[in-house]
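# got a structure for you, letters missing:
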């Protein structure tokens, strides 16, 4: 399957847009930090005590969701079971048995669900 020049231009445009977005986000962050620095220097010149400056004031630290392993585990189990069903009932020649290929997804999800259950028991 060959790709045309138009396909390459689309990929280059998307890559350029991503790089431009990352660059402008970086410039905005540096500008914000420079303004904060100037305000802190002016306050120190006036003798006003200031608290410590966080390294990245734009990010608020949110506590991790304790249900995240459970949610991820359910998604992996669903993907694995769906993959096994698709491989079991798919049109494969000579009746080849390929359904176990998705079993690692199910075991990964089962492990995450088990981790959630054991961690929540330990937390009580």
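Received, thanks. Values in this document were obtained by computation on a predicted structure and should not be read as measured data. Residues are numbered from 1 along each chain as shown.
# Mark out where each domain of the protein begins and ends.
Residue ranges for the structural domains of the chain, counted by automatic domain parsing, are given in the record as 1-60, 68-123.
# which helix in the chain runs the most residues?
Of all the segments assigned as helix in the chain under DSSP state H, the longest by residue count is helix 5-45.
# Quick one: mean pLDDT over the following helix or strand past it.
Next in sequence after helix 5-45, counting helices and strands by DSSP states H and E, comes helix 68-89. Averaging pLDDT along helix 68-89 yields 93.
# Buried ones in helix 68-89, by neighbour count?
Within helix 68-89, the residues scored as buried using 16 or more other C-beta atoms under 10 Å are 69, 70, 72, 73, 76, 77, 80, 83, 84, 87. For glycine as for every other residue, the C-beta is placed from the backbone atoms N, C-alpha and C.
# Next, count neighbours for the nearest residue to residue 85 once chain neighbours are set aside.
Sequence neighbours aside, residue 99 is the residue nearest to residue 85 in space, at 7.8 Å (criterion: C-beta to C-beta, 6 or more residues apart in numbering). Counted with other C-beta atoms under 10 Å, the neighbours of residue 99 add up to 16.
# Now do the contacts for residue 99.
Contacts for residue 99 were tallied using C-beta atoms under 8 Å, 6 or more residues apart in numbering; they are 84, 85, 87, 88.
# my read: the first one touches residue 104, true?
No. Residue 84 is not in contact with residue 104 according to C-beta atoms under 8 Å; the separation is 10.7 Å.
# What sits closest to residue 75 if chain neighbours are left out?
Leaving aside its chain neighbours, residue 75 sits nearest to residue 109 (7.1 Å; criterion: C-beta to C-beta, 6+ apart).
# Ramachandran angles for that neighbour?
phi -60, psi -40 (degrees, to the nearest 10).
# what's around it, how many residues?
The tally of other residues near residue 109 (other C-beta under 10 Å) stands at 22.
# Surely it and residue 74 touch.
Yes. Taking C-beta under 8 Å as the contact criterion, residue 109 and residue 74 are neighbours in contact, 6.8 Å apart.
# Quick one: residues contacting residue 78.
Residues in contact with residue 78 (C-beta under 8 Å, 6+ apart) are residue 109.
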